[in-house]
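> Next comes the sequence, and after it the predicted model I'd like to discuss.
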Amino acid sequence: MELPANHFKRGIYAGEQQLGLWCSLASNLTVEILAGSGYDWLLIDTEHSPNELNMVFSQLQACMENKVQPIVRPPVTDAIWAKRYLDAGVQSFLFPMVETAEQAAAAVSYTRYPPEGVRGFAAASRASRFGRVKDYYSRAHEEICVLVQIESRLGMENLEAICAVPGIDGVFIGPGDLSADIGYLGDQGNEAVVTLIEGLVGRIVKAGNRSGILTGDEGLARRYIAAGNIFTAVGSDAGLLARGSEALARKFR
Ligand SMILES: O=C(O)C(=O)C[C@H](O)[C@@H](O)CO
């Protein structure tokens, strides 16, 4: 069996816009529905959702019939969660609240076997398709994508240093936490926040890295893409369900 290709990672390095959707409903059924919807990636959130490890397993499997890349956000950036999700077969990570180059380098090391990193060895896990991918241990890093979140003042201050860390494949701007940290809690659509984010996207691109963002607003998504954003989550499962169900109910009222 061949090592599964990470089309998302290859796409962002090729400069091909990767459209995504945020998934926090903790359901393999909703993920399977969304996996066939034409997105390039699905963010499987375990930070702000009731997702547990065994549930993430089933959501990863729900993606297998499609080219879509599941990207898992651990609840915190640490080696233990990285190890458990890697063995589950996760190939792309969005590590939250990274604020320094040292934290970014640590995140990369969690995904690499020794001597490059500290990933623990597991024989015949789902990651190697239970031992069926014969060159898994020597090649796993090629198809692993490490994305880190910049979502605080300190992270903004250290942005270029973080972008320069070897193994950091992309830098995602967390609009909610970032706006909260600069005094715009709950107001990530404020023009001051949007302009700041556009500038951050430009800094990431200028630093030679790849920028990501989440927004449910079409106009803002287009502004961030125009600024150079290359992986863009354009909505969420919860938002689609809530807005879509409300719109349907209104038709019959
Ligand atoms: O800071 C942010 O915004 C994010 O990191 C995304 C949110 O955590 C996610 O829950 C969508 O609102």
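It's in.

> rest of the way, CA atoms for contacts and neighbours
Will do.

> Next, count neighbours for D217.
A count of nearby residues for D217, using other C-alpha atoms under 10 Å, gives 11.

> what sits against it?
D217 sits next to 234-235 when contact means C-alpha atoms under 8 Å, 6 or more residues apart in numbering.

> same thing but 10 Å
By C-alpha atoms under 10 Å, 6 or more residues apart in numbering, D217 lies in contact with 189, 234-235.

> Which one of the residues you listed is nearest to A5?
V234 (23.7 Å; C-alpha to C-alpha).

> For the strand or helix carrying that closest one, enumerate the helices and strands it packs against.
Using DSSP states H and E, V234 falls within strand 231-236. Under the contact criterion of 3 or more C-alpha pairs under 10 Å, 6 or more residues apart in numbering; DSSP states H and E, strand 231-236 touches helix 7-13, strand 18-23, strand 41-45, strand 170-173, strand 211-214, helix 218-226.

> Can you verify my assumption that K9 contacts I168?
No. Contact between K9 and I168 fails when scored by C-alpha atoms under 10 Å: they sit 11.1 Å apart.

> Please identify every residue contacting each of the two.
The contact lists of K9 and I168 share 145-147, where a contact means C-alpha under 10 Å, 6+ apart.

> Just the buried residues of those residues.
145-147 (16 or more other C-alpha atoms under 10 Å).

> Direction included, what does the strand holding V234 pair up with?
Here strand 231-236 is paired, per DSSP bridges, with strand 18-23 (parallel), strand 211-214 (parallel).

> distance between the next helix or strand after it and the chain's centre?
Past strand 231-236, further along toward the C-terminus, the next helix or strand under DSSP H and E is helix 237-251. Mean C-alpha position of helix 237-251 versus that of the full chain (C-alpha atoms, centre = their mean, to the nearest Å) differs by 25 Å.

> and what of stretch 120-138?
On C-alpha atoms, centre = their mean, the centre of stretch 120-138 falls 23 Å from that of its chain.

> Now tell me what touches that stretch from outside.
So stretch 120-138 is contacted by 1-4, 57, 79-80, 82-91, 110-114, 139-140, 142 (C-alpha under 10 Å, 6+ apart).

> returning to what we had before: let's have the helices and strands packed on strand 231-236 in TSV, adding distance to the ligand.
Listed next are the helices and strands packed on strand 231-236 as TSV, based on distance: least, C-alpha to the nearest ligand atom, whole Å:
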stretch	distance to the ligand
helix 7-13	19
strand 18-23	7
strand 41-45	8
strand 170-173	7
strand 211-214	7
helix 218-226	14
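
> can you redo these as a markdown table with mean pLDDT and mean neighbour count?
Shown next, in a markdown table, are those (pLDDT from 0 to 100; neighbours: other C-alpha atoms under 10 Å):
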| stretch | mean pLDDT | mean neighbour count |
| --- | --- | --- |
| helix 7-13 | 98 | 18 |
| strand 18-23 | 98 | 24 |
| strand 41-45 | 98 | 24 |
| strand 170-173 | 98 | 27 |
| strand 211-214 | 98 | 26 |
| helix 218-226 | 98 | 16 |
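
> State the distance from the nearest residue to L178 once chain neighbours are set aside to L29.
Spatial nearest neighbour of L178, chain neighbours left out: E151 (4.2 Å); criterion: C-alpha to C-alpha, 6 or more residues apart in numbering. Between E151 and L29 the distance is 30 Å, computed by C-alpha to C-alpha, to the nearest Å.

> More neighbours: the two, which one.
Higher neighbour count among E151 and L29: E151, with 23 against 13, using other C-alpha under 10 Å.

> correct me, but that one touches Q188?
No. E151 lies out of contact with Q188 (C-alpha under 10 Å); the separation is 11.7 Å.

> Find residues that contact each of those two.
Listed as contacting both E151 and Q188 by C-alpha under 10 Å, 6+ apart are 174-180.

> quick revisit: so which of the shared contacts of K9 and I168 belong to strands?
Per DSSP state E, strands hold the following members of the shared contacts of K9 and I168: 145-147.

> and which of those is nearest to G155?
Using C-alpha to C-alpha, the ones in strands among the shared contacts of K9 and I168 come closest to G155 at L147, 13.7 Å.
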